[in-house]
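K.L.:
the sequence and its predicted three-dimensional model are supplied below.
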Amino acid sequence: MTLTTLIKGGLVVTAADETEADVLVEDGRIAAVVARNSTAAASLTADRTLDATDRYVIPGGVDAHTHMDFPFGGTFSSDDFETGTRAAAWGGTTTIVDFAVQTKGHALREGLDRWHAKADGRCAVDYAFHMILSDVNEGTLKEMDALVEEGVTSFKMFMAYPGVFYSDDGQILRAMQRTAANGGLTMMHAENGIAIDVLVEQALAAGRTDPRHHGEVRKALLEAEATHRAIQLARVAGSPLYVVHVSASEAVEQLAAARGMDLPVFGETCPQYLYLSTDNLAEPDFGGAKYVCSTPLRPREHQAALWRALRTDDLQVVSTDHCPFCFTGQKELGRGDFSKIPNGMPGVEHRMDLLHQAVVDGHLTRRRWIDLACTTPARMFGLHPKKGTLAPGADADIVIYDPRAEQTLSAETHHMNVDYSAYEGKRLTGRVETVLSRGEPVVERGSYSGRAGHGRYVPRGICQLLN
Ligand SMILES: NC(=O)NCCC(=O)O
Ligand SMILES: [Zn+2]
Ligand SMILES: [Zn+2]
């Protein structure tokens, strides 16, 4: 017999509402959300009661952009599915959507099977996959239809990284035409990689080898240009478009203009672009390498545009792009040549808290916090209403959140498998207290009770934001 759980006394916050309500969980699903002043609330009983007095009760986070055990620059990201999903659970994220990789010259199926093998039996929370297209050809295009049918409904392409993941405009157009026909969503890493490589070569030839030059050569205008081009290609193909890790205000302008024309164009940013900047990339003694990611961190002036776009819905999702590499032995591969620093930063554990801090600081409302971190990612990637909300029938992925707890982020205390924190010493108000994944406690009042293998693969439907 399965246990029933009653979460009592909290403020239930969803993207749509804030209600003093109690939440009843049965068989891993939400059975009822009952307003506290109703007669029904008085008669609710369960095998186990969790006290949420003075706490928020929110949906588990949906992080739609992670890279566990991801190959880059001759190494692999340092979190695998076991350590990465455990850290996600600690941070109140109960679903991740990771990127399976097609290797050049190989089938999508081969890459997807490899990602299933990496994740199967290892995850602490539920997971799904996008597919990275590294080699768009006739075979790839045919396979895309089958993947959409089986629940891998989004495909990432790269206008960056020539010779590695890069697709040219013709390949991009063909793949977009395919998603226009099969209901898939095209995701784009929008940076002009061909032009960037020229600037990289020139910088290195001039002796500009430090990490800060990574930010300088990956120019905001080259993000904006690629964003513009991706939008026009999507228009020609008649396909929806989701631009990942947007960091430049000029790229936001492109998205806003497209959305102003009612085009099905969406965008995501990440906490690192909201809180960190080129100042971090300039940290001495190669310290800037910790912050090398692409798109790169930008000068602080870009942040206001990103916060504004999150409020006005020109950006709809905040994901982490969690792709950690240890400083020792991994980031160090690029000492003396910034182009050899593996690209990516850790973050899967801190997204919910960093966005709650945005509520504290007045950038976002509580409901918008939940919308950006839980509900819209679930709808964008075909997981709603099973994931991303608190409503009868939804999976009981629930976080009890203490909005007044104080914490200081540090590599000493985080749970990600990486030897530094991008936010070392940052003080935050608010903290995840208890996390349920399909009704099972995975974090209980600050101690871990999850297990590898609890997390299940979730096939996805198509994007739910299209008319
Ligand atoms: N973002 C990053 O620097 N690394 C991960 C790969 C990608 O998303 O481009
Ligand atoms: Zn990318
Ligand atoms: Zn990424």
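P.N.:
That came through fine. Ligands and ions are numbered 1, 2, ... in the order given.
K.L.:
what does the stretch 1-150 of the chain put close to ligand 1?
P.N.:
H67 (Cβ under 6 Å from any ligand atom). Bear in mind the C-beta positions are built from the backbone N, C-alpha and C, glycine included.
K.L.:
what about the strands in the stretch 1-150 of the chain?
P.N.:
5-8, 11-13, 18-26, 29-35, 48-51, 56-59, 61-66, 71-72, 75-76, 93-101, 126-132 (DSSP state E, counting those that start in this stretch).
K.L.:
got the CA coordinates for the last one in CSV?
P.N.:
Taking Å, rounded to 0.1, in the frame of the first residue of the first chain, the C-alpha atoms of strand 126-132 are listed here in CSV:
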residue,chain,number,x,y,z
ASP,A,126,13.2,12.3,-13.5
TYR,A,127,14.9,13.1,-16.8
ALA,A,128,14.2,13.6,-20.5
PHE,A,129,16.3,14.2,-23.6
HIS,A,130,16.8,16.7,-26.4
MET,A,131,18.9,15.6,-29.3
ILE,A,132,22.0,17.5,-30.5
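K.L.:
follow-up on the earlier one: for V318, find the nearest of the strands of the stretch 1-150 of the chain.
P.N.:
Of all the strands of the stretch 1-150 of the chain, strand 61-66 sits nearest to V318, with 9.0 Å by Cβ to Cβ.
K.L.:
select, out of the strands of the stretch 1-150 of the chain, the one closest to R208.
P.N.:
strand 71-72 (22.2 Å).
K.L.:
and H189, backbone torsions?
P.N.:
phi -90, psi 100 (degrees, to the nearest 10).
K.L.:
give me the neighbour count for the closest residue to it other than its chain neighbours.
P.N.:
Spatial nearest neighbour of H189, chain neighbours left out: F158 (4.4 Å); criterion: Cβ to Cβ, 6 or more residues apart in numbering. Applying other Cβ atoms under 10 Å, we find 23 residues neighbouring F158.
K.L.:
so what's F158 up against?
P.N.:
Contact partners of F158, counting by Cβ atoms under 8 Å, 6 or more residues apart in numbering, are 132, 134, 164-167, 188-189, 193.
K.L.:
ok, 6 Å please
P.N.:
165-166, 189 (Cβ atoms under 6 Å, 6 or more residues apart in numbering).
K.L.:
sorry, back to before: point out the most buried one among the strands of the stretch 1-150 of the chain.
P.N.:
Most buried of these, by mean neighbour count (mean count of other Cβ atoms under 10 Å): strand 61-66, with a mean of 30.
K.L.:
what angle do that one and strand 93-101 make?
P.N.:
Here strand 61-66 points in a direction 10 degrees away from that of strand 93-101 (axes from the mean of the first three to the mean of the last three Cα atoms, to 10 degrees).
K.L.:
pull the residues that contact strand 61-66.
P.N.:
Contacts for strand 61-66 (Cβ under 6 Å, 6+ apart): 92-93, 95-98, 319-322, 348, 352, 373-374, 377-378, 381, 387-388.
K.L.:
same thing but at 8 Å, please
P.N.:
Contacts for strand 61-66 (Cβ under 8 Å, 6+ apart): 84, 88, 91-99, 244-245, 268, 270, 317, 319-323, 348, 351-352, 373-374, 377-378, 380-381, 383, 387-388, 399.
K.L.:
again with stretch 244-254
P.N.:
Contacts for stretch 244-254 (Cβ under 8 Å, 6+ apart): 65, 156, 187-190, 220-221, 223-224, 227-228, 231, 243, 255, 267-270, 273, 293-298, 301-302, 304-306, 309, 314-315, 319, 321.
K.L.:
now swap in stretch 172-188 and tell me
P.N.:
Taking Cβ under 8 Å, 6+ apart as the rule, stretch 172-188 contacts 130, 133, 136, 140-141, 144-145, 147-148, 153-159, 167, 226-227, 230, 233-234, 236-244, 380-381, 462-463.
K.L.:
swap in stretch 18-30?
P.N.:
With Cβ under 8 Å, 6+ apart, stretch 18-30 has contacts from 2, 4-12, 31-37, 41, 44, 46, 57, 366-367, 390-396, 398, 436, 438-440.
K.L.:
what residues does the closest residue to ligand 1 within the stretch 151-300 of the chain make contact with?
P.N.:
Residue nearest to ligand 1 within the stretch 151-300 of the chain: C293 (3.5 Å; Cβ to the nearest ligand atom). With contacts defined as Cβ under 8 Å, 6+ apart, the neighbours of C293 are 245, 272, 321, 323, 343-345.
K.L.:
having no further points to raise, I will conclude here.
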